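> below: sequence and its predicted model.
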Amino acid sequence: MSIYVGNLSYDATEADVSTVFSEYGTVKRVQLPTDRETGRMRGFGFVEMDSEAEEQAAIDALDGAEWMGRDLKVNKAKPRENRSGGGGRRGGGGGFSRGGY
């Protein structure tokens, strides 16, 4: 499982986030998605820790905490939704043709 961290400062780095979360246990991975067009951080990220107990301790301590001038939103990450359909571009009038199916 991983932790969702929202409302991050755009100046935060993976090392910054890792340092904060390491106070609550072993950080296995930090992922801070960036915007494809600008390369700028998107203001949220994901943290994986060594155990669920460590993750829960970090969530309990950091949800709502002020860090780098922002109030963090920290909770269990929800499973990623399956995004089919090519980014919202859909053909009109009856759907897709699949070679006679």
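Cool, got the structure. Just so you know, these numbers come straight off a predicted model, no measurement behind them.

> right, and the helix or strand after the lengthiest helix in the chain?
In the chain, with assignment by DSSP state H, the single longest helix is helix 52-62. Counting by DSSP states H and E, the next helix or strand C-terminal to helix 52-62 is strand 66-67.

> state the mean pLDDT of the longest helix of the chain.
The average of the pLDDT scores along helix 52-62 is 97.

> ok, now stretch 20-32?
Mean predicted confidence for stretch 20-32 is 98.

> just the buried positions in the one helix or strand Phe21 maps to, please.
Secondary structure from DSSP H and E places Phe21 in helix 14-21. For helix 14-21, a neighbour-count test (16 or more other Cβ atoms under 10 Å) marks Asp16, Val17, Val20, Phe21 as buried. No exception for glycine: its C-beta is placed from N, CA and C like everyone else's.

> for Asn82, see how far away the closest residue in space to Val17 that isn't next to it in sequence is.
Counting by Cβ to Cβ, 6 or more residues apart in numbering, Val17 lies nearest to Val30, which is 4.9 Å off, once chain neighbours are set aside. Distance of Val30 to Asn82, given as Cβ to Cβ, to the nearest Å: 24 Å.
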